[in-house]
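Participant: Next comes the sequence, and after it the predicted model I'd like to discuss.
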Amino acid sequence: MHVLVVEHFRNGDARPVYERFRAEGRLAPDALRYVGSWVTTDLRRCDQVMECDDRSPLEAWMDRWRDLVDFEVIPVLTSSDAAAEVFVRADATPPA
């Protein structure tokens, strides 16, 4: 599964997050794969796409950062998977 992880840096301060990252790395379990990330220009929030088979490695990773970051987790689909799902759902809808 893919998830969009929205990280809100505590007090809007990215510095402690990047200091830890510089010293210790991403701190992600092997079962959690980093796909990509984007940081807002005001350096207050990071949007990351992560991939894992179940939520437990994601929770373990977030536990390592909760002292510096407030998280939102949003399950997402790739565009091609979403397009396929649209037609699966449409085909499963009974006729009116």
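Facilitator: It's in. Note that the structure is a prediction, hence the values are computed from the model and not measured.
Participant: the helices in this structure, which residues?
Facilitator: 15-24, 56-63, 79-92 (DSSP state H).
Participant: Residue 28 and residue 57 touch, don't they?
Facilitator: Yes: assessed by Cβ atoms under 8 Å, residue 28 is found in contact with residue 57 at 7.4 Å. From N, CA and C alone the C-beta is placed, and that goes for glycine too.
Participant: So, low pLDDT: which residues of the protein?
Facilitator: Residue ranges of the chain with pLDDT under 70: 90, 92-96.
Participant: switch the cut-off to 90
Facilitator: Within the chain, the stretches with pLDDT under 90 are 83, 85-96.
Participant: if we can go back for a sec, just put the helices of the chain in TSV and tack on distance to residue 38 and mean neighbour count.
Facilitator: Formatted as TSV, these follow (distance: least, Cβ to Cβ, whole Å; neighbours: other Cβ atoms under 10 Å):
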stretch	distance to residue 38	mean neighbour count
helix 15-24	14	12
helix 56-63	18	16
helix 79-92	17	9
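Participant: Minimum distance to residue 6: which of these has it?
Facilitator: Smallest distance to residue 6 across the helices of the chain (Cβ to Cβ): 11.5 Å, for helix 56-63.
Participant: and that closest one, what does it pack onto?
Facilitator: Helices and strands touching helix 56-63, as assessed by 3 or more Cβ pairs under 8 Å, 6 or more residues apart in numbering; DSSP states H and E, comprise strand 2-9, strand 69-76.
Participant: Quick check: bridge partners of residue 9?
Facilitator: residue 69 (DSSP bridges).
Participant: what about it, neighbour count?
Facilitator: Residue 9 is flanked by 20 other residues according to other Cβ atoms under 10 Å.
Participant: Buried residues of stretch 23-31, list them for me.
Facilitator: Neighbour counts over stretch 23-31 (16 or more other Cβ atoms under 10 Å) mark residue 28 as buried.
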